[in-house]
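Student: Give me a model of this one.
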Amino acid sequence: MSEHYDVIIIGTGAGGGTLAWRLAPSGARILLLERGEYVRREKENWSSHAVNVMGRYATKESWTDSDGKPLHPHTNYYVGGNTKFYGSALFRLRREDFGELRHAGGISPAWPVGYDEMEPYYAEAERLYHVHGRRGEDPTEPPASGPYPYPAVSHEPRIQQLSDDFARAGLTPFHVPLGIMLDEETPPRSKCIRCATCDGYPCLVHAKSDAQVVCVDPALGYPNVSLLTGAYVERLETTASGREIAGVIVKRNGALERYTADIVVSACGAINSSALLLRSAGDRHRRGLANGSDMVGRHYMGHVNSVLMAISKCPNPTVFQKTLAVNDFYFGSPEWPHPMGHISFVGKLDGVALSAGAPAIAPGFTLDLMAKHSLDFWLTSEDLPDPGNRVTIDRQGGIVLKYRPNNEDGHKRLAAKLEAVMQRQTACAIHGHECHQGLFSRNLFVGQRIPLAGVAHQNGTLRFGDDASTSVLDRNCRAHEVDNLYAVDGSFFPSSGAVNPALTIMANALRVGDHLLARLSRRAAVREAVLS
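Tutor: From the prediction side, this is the model:
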């Protein structure tokens with residue numbers, strides 16, 4: 001292949017898809033490379049058995065853990081990346097997350113850019129991804145330049161009851177900011193139908209604000225943007241000096257193809273972007289491309305996550321459960337002056353999904369009964385950047401993920417806080433304090449930590465910073481050592497915060513997009529001056 005492009009973007013998820021949308025109107029020739037295909041629209045999109053038990057849409061790729069054992073990652077390779085399957089909870093990092101924070105387990109470092117620089121891009125990303133929310137409810141909410149573009153998604157009765165009880169217990173519950181195409185005022189016009197198959201499923205009616213629907217497909221409406229699917233990027237070649245990418249080597253349909261561009265952007269996820277740079281080692285980059293600092297692949301983070309189920313005698317008939325969150329303990333409490341994290345919900349679990357996760361079965365309950373009577377909490381705490389938590393590759397170029405959890409005390413305290421506040425709620429009108437409803441003194445909690453294979457919140461590995469000796473990327477997410485190489489997935493994070501990274505990845509892609517537009521404009525002006 002001899003085609004040359006202005007920009008090649010590797011990956012079409014939250015970072016790559018959003019960047020393509022930003023650059024598309026510029027007229028620059030843009031090539032999107034996606035290793036997967038489009039998710040097929042089929043009834044299995046909404047099948048719990050197909051999605052959760054059979055893993056119909058999960059990659060069959062196998063990685064290796066630190067002990068050399070096979071690791072089967074819970075990730076997906078499709079147009080739109082993992083946003084096709086996310087729960088579309090789109091949080092901003094807190095203002096404090098951009099500065100240095102002291103945790104019980106160590107220091108969360110400051111970012112080279114501050115919240116004020118990111119704020120306008122957060123606002124734009126919220127408009128682009130149809131985020132529903134309500135300002136002023138979240139006690140840790142950073143300042144915003146305007147309201148959410150769409151009203152908060154309403155709670156169903158059982159969740160509203162819980163919200164009211166949390167408030168009576170002294171907490172400040174708030175509505176989760178959600179990227180869905182929902183119109184509750186005029187339901188006949190609403191693309192979203194508030195189904196039970198949103199979190200973890202591809203949306204059969206294209207009503208979830210994923211990167212394919214919101215960004216990639218609109219970008220492809222421009223004649224200067226093209227997409228190749230089934231295109232796995234094996235490595236990047238450099239010029240003799242090692243200062244520029246000279247070629248992108250793609251394996252497609254069993255054959256190797258080579259593409260070139262003035263600018264190359266890696267957006268294939270924190271793990272795969274670092275693996276790509278390591279596979280691209282050469283004479284000028286012997287430890288891996290752009291890896292003079294030996295930071296490529298290091299400081300992998302994925303949050304300390306767990307699911308906590310509270311079982312009741314009364315059923316929980318909620319369909320769309322993921323509307324309520326609590327951040328009262330995000331930065332700690334009077335008796336524990338260290339960050340703990342974030343409490344919200346996963347999509348409503350069913351017995352089939354529980355069979356795949358195999359939680360401990362509550363006494364006297366079957367999996368189906370547990371699911372019908374459970375409140376399904378999602379707890380997230382920040383894990384800290386550790387250079388020993390890293391992505392490497394084996395001799396065949398396969399991914400090796402080494403990770404030792406850290407900063408776990410805050411997460412344990414967060415779970416204890418939830419249990420304690422649940423025990424202070426009002427009595428059930430039917431069963432009194434014997435309901436075990438996830439509200440009362442005799443709660444039955446079933447907890448499950450998310451294993452290493454759960455890489456949905458992957459970040460770090462190509463951290464950005466002003467010091468080239470301790471970071472891979474500069475403040476504009478350009479590689480310190482390679483002038484035309486950028487990264488816009490979650491790899492640039494120097495710390496993880498304690499909320500879903502998706503909106504920050506999207507906002508940063510818009511920010512880097514503006515930088516690239518200025519660079520492309522300068523290059524065009526120089527060419528025009530030379531020709532004239």
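
Student: quick one, what contacts residue 331?
Tutor: Applying C-beta atoms under 8 Å, 6 or more residues apart in numbering to residue 331 gives the contacts 94, 96, 140, 339-340. Bear in mind the C-beta positions are built from the backbone N, C-alpha and C, glycine included.

Student: What about these, which one has the most neighbours?
Tutor: For these, neighbours were counted by other C-beta atoms under 10 Å; the highest total belongs to residue 340, with 30 neighbours.

Student: re the thing from before, now render the contacts of residue 331 as CSV, adding distance to residue 215.
Tutor: Formatted as CSV, the contacts of residue 331 follow (distance: C-beta to C-beta, whole Å):
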residue, distance to residue 215
94, 25
96, 29
140, 28
339, 32
340, 34
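
Student: List just the nearest of those residues to residue 220.
Tutor: Nearest to residue 220 among the contacts of residue 331, counting by C-beta to C-beta, is residue 94 at 35.1 Å.

Student: So the closest one versus residue 416, what's the distance?
Tutor: Taking C-beta to C-beta, to the nearest Å as the measure, residue 94 and residue 416 are separated by 22 Å.

Student: In the stretch 351-500 of the chain, mark out all the strands, start to finish.
Tutor: With DSSP state E, counting those that start in this stretch, the ranges of strands along the stretch 351-500 of the chain come out as 374-381, 390-393, 399-402, 444-449, 459-461, 485-487.

Student: list the helices and strands the fourth one packs on?
Tutor: Spelled out, it's strand 444-449. Secondary structure elements in contact with strand 444-449, counted by 3 or more C-beta pairs under 8 Å, 6 or more residues apart in numbering; DSSP states H and E, are strand 304-311.

Student: And the contacts of residue 331, which is closest to residue 402?
Tutor: Comparing the contacts of residue 331 against residue 402 with C-beta to C-beta picks out residue 339 as the nearest, at 24.7 Å.

Student: Now do the contacts for the closest one.
Tutor: Contact analysis of residue 339 by C-beta under 8 Å, 6+ apart lists 101, 103, 108, 330-332, 381-382, 410, 498.

Student: again, only this time at 6 Å
Tutor: For residue 339, the contacting residues are 103, 331-332, 410, by C-beta atoms under 6 Å, 6 or more residues apart in numbering.

Student: So which of the residues you listed are in helices?
Tutor: residue 410 (DSSP state H).

Student: from the contacts of residue 339, which is closest to residue 72?
Tutor: Nearest to residue 72 among the contacts of residue 339 is residue 410, at 28.6 Å by C-beta to C-beta.

Student: what's the spacing between the longest strand seen in the chain and its chain's center?
Tutor: Of all the segments assigned as strand in the chain under DSSP state E, the longest by residue count is strand 255-266. For strand 255-266, the distance from its own C-alpha centre to the chain's C-alpha centre is 25 Å (C-alpha atoms, centre = their mean, to the nearest Å).

Student: which outside residues touch that strand?
Tutor: Residues contacting strand 255-266 (C-beta under 6 Å, 6+ apart): 1, 4-10, 245, 247-250, 273, 276, 484-488.

Student: Check stretch 51-65 too.
Tutor: Among residues not part of stretch 51-65, those counted as contacts by C-beta under 6 Å, 6+ apart are 44, 50, 70-73, 75-77, 201, 353, 356, 399-401.

Student: Among those residues, which pair sits farthest apart?
Tutor: Between any two of the contacts of stretch 51-65, the greatest separation by C-beta to C-beta is 32.0 Å, found for 44 and 400.

Student: now residue 158: how far from residue 199?
Tutor: 17 Å.

Student: Which one's more surrounded, these two?
Tutor: More crowded of residue 158 and residue 199, by other C-beta under 10 Å: residue 199, with 21 against 18.

Student: mind checking the SS state of the more buried one?
Tutor: coil (DSSP: H, G, I helix; E, B strand; the rest coil).

Student: To what extent is the closest residue to residue 351 other than its chain neighbours buried, counted in neighbours?
Tutor: Setting aside the residues directly before and after it, residue 351 is nearest to residue 368 in space (C-beta to C-beta, 6 or more residues apart in numbering), at 3.5 Å. Summarising burial for residue 368: neighbours were counted as other C-beta under 10 Å, giving 13.

Student: Residue 368 and residue 350, how far apart?
Tutor: Here the distance between residue 368 and residue 350 works out to 8 Å (C-beta to C-beta).

Student: cool, residue 448 as well?
Tutor: To residue 350, residue 448 is 15 Å away according to C-beta to C-beta.

Student: Which one of the two is surrounded by more residues?
Tutor: Set side by side, residue 448 and residue 350 give different neighbour counts by other C-beta under 10 Å, the larger being at residue 350 (19 against 15).

Student: Which elements pack onto the lengthiest helix in the chain?
Tutor: Selection of the longest helix in the chain by residue count, based on DSSP H, yields helix 502-531. Using 3 or more C-beta pairs under 6 Å, 6 or more residues apart in numbering; DSSP states H and E, the elements in contact with helix 502-531 are helix 16-23, helix 115-128.

Student: Make JSON lines out of the ones you listed and add mean neighbour count.
Tutor: Supplementary listing: the helices and strands packed on helix 502-531 in JSON lines, determined by neighbours: other C-beta atoms under 10 Å:
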{"stretch": "helix 16-23", "mean neighbour count": "29"}
{"stretch": "helix 115-128", "mean neighbour count": "19"}
